[in-house]
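*Asks:* take a look and give me a structure for this.
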Amino acid sequence: MKEILIVKLSAIGDVIHALPVSYAIKEQFPKAHITWVVEPPAKPLLELDPCVDAILAFHKKEFRSLGGFLSHFASFRRAIQARRYDAVLDLQGLLKSAAIAYLADAPVKRGMCNMREGSSLVSKPVLGAHAHGHIVARYLDVARAIGCAVREVRFPLEIPAKVEQQARQIFYQAGGNMGNAYVCLAVGANWPNKRWNAESFAALVDWLYARRRRPVLVGGGAVDAQMAAEIEAQADIPPVSLVGRTTLPQLACVLSHAAAVVGGDTGPVHLAAALGTKTVMLMGPTDANRNGPYGQAEGAIEAARPCKGCWKRACPKWLDCLAAITPGQVEEKLL
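*Replies:* Purely as a prediction, here's the structure:
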């Protein structure tokens, strides 16, 4: 294998889960050239992976209209077909990734076990030994299907010294010091029912201060900013807030130095687990067997509800899913 194309477009947490595939390929085929197609939000993450040789950004919005498709398709096709691949790995398993895999010239096209939207017509699904296990293991089954031994599961992330310096400066400007013990609280998530409520986060903030560990809020976007404001208003002492202040590589640096990271089934918490930081993941609509913090099964807390693991983005019963998890349960994990 000399040329391999990985198609894993989004979301950030899912791209993190796929990173060990790049390491497994380079471990088996050291001279292989890996090209990875990804959507822009996760591109900075791949820039930290020394195993990835080239990154192609897929701007999904450009293809939503007929005019956009006609304007951008030819150049994107040229970028995909600039190299002749020995294998294409579709780790997304959706129509959009299948279209990209279809464009690539390769004799071998493989995909994950639970492919959807007709993507299995382009890439052959791999029903490996871990088809019902953690998503990281499922992705690695695809690597095994092209000859990778997978001797070691590693998330190949390297944080440049310049990024480290930037992160420390941002942390200091926010009123903290990365040299002191701190715990990061990932306040947001794409799914509404993956978010813990502000009252519980505020209670945890107060508990951390009482134990001389600085609470630090992380996240990005307007929804996370609103949540951070509510937590700050309800806590006895406001936490340090980095919400909206860091790039993805800078956030990785902050998470790598934290004593622990707490949050829902979301990108920053998965990133922390990939970096080897202790994580406490609050889970409701998704299950720990598939999506828990990889390598830290003991860090998952599943909501005590009969409908847990429903895999619904919004609760049809109008429940605050993660409200079933108390601050005390999280505190026990942090002791």
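*Asks:* list the buried residues of the helix or strand of the chain with the lowest mean pLDDT.
*Replies:* The helix or strand of the chain with the poorest confidence is helix 66-80; it has a mean of 85 (mean pLDDT, DSSP states H and E). Neighbour-count burial for helix 66-80, with 16 or more other Cβ atoms under 10 Å as criterion, is recorded at 76, 79-80. (Each C-beta comes from the backbone N, C-alpha and C, glycine too.)
*Asks:* ok, stretch 166-177 next?
*Replies:* Residues of stretch 166-177 classed as buried: 166-168, 170-171, 174, 176 (neighbour count, 16+ other Cβ under 10 Å).
*Asks:* mind putting those in JSON lines, pLDDT, distance to Leu48 and secondary structure included?
*Replies:* Shown next, in JSON lines, are those (pLDDT from 0 to 100; distance: Cβ to Cβ, whole Å; DSSP: H, G, I helix; E, B strand; the rest coil):
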{"residue": "Gln166", "pLDDT": "98", "distance to Leu48": "14", "secondary structure": "helix"}
{"residue": "Ala167", "pLDDT": "98", "distance to Leu48": "13", "secondary structure": "helix"}
{"residue": "Arg168", "pLDDT": "98", "distance to Leu48": "17", "secondary structure": "helix"}
{"residue": "Ile170", "pLDDT": "98", "distance to Leu48": "17", "secondary structure": "helix"}
{"residue": "Phe171", "pLDDT": "98", "distance to Leu48": "18", "secondary structure": "helix"}
{"residue": "Ala174", "pLDDT": "97", "distance to Leu48": "22", "secondary structure": "coil"}
{"residue": "Gly176", "pLDDT": "94", "distance to Leu48": "23", "secondary structure": "coil"}
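*Asks:* for the residues you listed, which one is nearest Asp265?
*Replies:* Distance to Asp265 across those (Cβ to Cβ) is lowest for Ala167, with 24.2 Å.
*Asks:* excluding residues flanking it in the chain, which one is nearest the closest one?
*Replies:* Cys253 (3.9 Å; Cβ to Cβ, 6 or more residues apart in numbering).
*Asks:* what helix or strand is the one you found on?
*Replies:* Using DSSP states H and E, Cys253 maps to helix 248-257.
*Asks:* how about the secondary structure of Pro20?
*Replies:* helix (DSSP: H, G, I helix; E, B strand; the rest coil).
*Asks:* contacting residues for the nearest residue to it once chain neighbours are set aside?
*Replies:* Leaving out its chain neighbours, the residue that sits closest to Pro20 by Cβ to Cβ, 6+ apart is Val153, at 5.0 Å. The neighbourhood of Val153, defined by Cβ atoms under 8 Å, 6 or more residues apart in numbering, consists of 20, 23-24, 136, 140, 294-295.
*Asks:* can you rerun that using 10 Å?
*Replies:* Neighbouring residues of Val153 by Cβ atoms under 10 Å, 6 or more residues apart in numbering: 19-20, 23-24, 134, 136-137, 140, 294-295.
*Asks:* do Ile159 as well
*Replies:* Contacts of Ile159 by Cβ under 10 Å, 6+ apart are 48, 167, 249-250, 252-253, 255-257, 275.
*Asks:* quick one: low-confidence ranges for the stretch 51-200 of the chain?
*Replies:* For the stretch 51-200 of the chain, applying pLDDT under 70 flags the ranges 66, 70.
*Asks:* could you rerun that using 90?
*Replies:* For the stretch 51-200 of the chain, residues meeting the criterion pLDDT under 90 lie at 60-73.
*Asks:* residue ranges of the strands in it, please?
*Replies:* Secondary structure of the stretch 51-200 of the chain by DSSP state E, counting those that start in this stretch: the strands cover 54-57, 87-90, 108-111, 124-125, 182-186.
*Asks:* sheet partners, orientation included, of the longest one?
*Replies:* This points to strand 182-186. strand 214-218 (parallel), strand 260-264 (parallel) (DSSP bridges).
*Asks:* can you put these in JSON lines and add mean pLDDT and distance to Asp206?
*Replies:* Shown next, in JSON lines, are the strands paired with strand 182-186 (pLDDT from 0 to 100; distance: least, Cβ to Cβ, whole Å):
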{"stretch": "strand 214-218", "mean pLDDT": "98", "distance to Asp206": "9"}
{"stretch": "strand 260-264", "mean pLDDT": "98", "distance to Asp206": "14"}
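*Asks:* so which of these gets nearest Asp105?
*Replies:* With Cβ to Cβ as the measure, strand 260-264 is the member of these nearest Asp105 (40.4 Å).
*Asks:* rewinding a little: between strand 260-264 and the helix holding Cys253, find me the angle.
*Replies:* Orientation check (axes from the mean of the first three to the mean of the last three Cα atoms, to 10 degrees): helix 248-257 against strand 260-264 gives 120 degrees.
*Asks:* look at the spatially closest residue to Tyr182 that is not a sequence neighbour and say how many residues are nearby.
*Replies:* Distances taken as Cβ to Cβ, 6+ apart put Arg214 closest to Tyr182, at 4.0 Å, once the chain neighbours are dropped. For Arg214, the count of nearby residues is 21 (other Cβ atoms under 10 Å).
*Asks:* just confirm His72 contacts Phe63, I think it does.
*Replies:* Yes. Taking Cβ atoms under 10 Å as the definition, His72 is a contact partner of Phe63 at 6.5 Å.
*Asks:* the protein - how does it break down into domains?
*Replies:* Split into domains by automatic domain parsing, the chain comes to 3-145, 161-334.
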